[in-house]
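Chemist: Build me a model:
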Amino acid sequence: MPLPEPEVQPVTAVGSDGVHRITDAGTSLSDEQRSRSIRYAIAMGIRTVCFVGAVLAPSPWRWILIAGAILLPYFAVVMANAGRERRDGEGFSVLTVRTQRRQIDR
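Modeler: The predicted model follows:
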């Protein structure tokens, strides 16, 4: 006698009996903040080099370096603030646990 197929119900509640897969988790907040801080520090280092180069460089290069020193902070802030946007498919996935119950015939 074939057993009936178990009824599978999707788990949507946060506190339910679902199993979370940690491999689907994004990077931790502290790791992401550290990465953004490093990118910002590198951009500000390049800006400092642009200022020093503008003082030492001849005229055509001077204006290019000054423009870089003026425009670079905008791009550095935009890059530093770009983060933690959720993309489709990121975050935890909830797997439902399927249990099969056998009926014991007596």
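
Chemist: only C-alpha atoms for contact and neighbour calcs from this point on.
Modeler: OK.

Chemist: what's the helix or strand for Thr48?
Modeler: helix 29-56 (DSSP states H and E).

Chemist: residues of that helix that come out buried?
Modeler: Buried residues in helix 29-56, counted by 16 or more other CA atoms under 10 Å: 33, 36-37, 39-40, 43-44, 46-47, 50-51, 53-54.

Chemist: what about Ile66, neighbour count?
Modeler: Neighbourhood size, Ile66 [other CA atoms under 10 Å]: 18.

Chemist: nearest residue to it other than its sequence neighbours?
Modeler: Ala54 (5.9 Å; CA to CA, 6 or more residues apart in numbering).

Chemist: Please apply the same query to Pro73.
Modeler: Pro73 sits nearest to Met44 (CA to CA, 6+ apart), 7.1 Å away.

Chemist: what's the spacing between that neighbour and Cys50?
Modeler: Counting by CA to CA, to the nearest Å, the gap from Met44 to Cys50 is 10 Å.

Chemist: Next: Gly68.
Modeler: Distance of Gly68 to Cys50, computed by CA to CA: 7 Å.

Chemist: hmm, which helix or strand of this protein has the shakiest average pLDDT?
Modeler: strand 94-95 (a mean of 56; mean pLDDT, DSSP states H and E).

Chemist: From Gly68, how far out is Phe51?
Modeler: Going from Phe51 to Gly68 by CA to CA gives 9 Å.

Chemist: Over to Met44?
Modeler: 11 Å.

Chemist: One more: Phe75?
Modeler: 10 Å.

Chemist: quick one: which of these two has more around it?
Modeler: Between Phe75 and Gly68, counted using other CA under 10 Å, Gly68 has the larger neighbour count: 17 against 12.

Chemist: Give the other helices and strands that the helix or strand Pro73 falls within contacts.
Modeler: Assigned by DSSP H and E, Pro73 belongs to helix 59-81. Secondary-structure packing of helix 59-81 (3 or more CA pairs under 8 Å, 6 or more residues apart in numbering; DSSP states H and E): helix 29-56.
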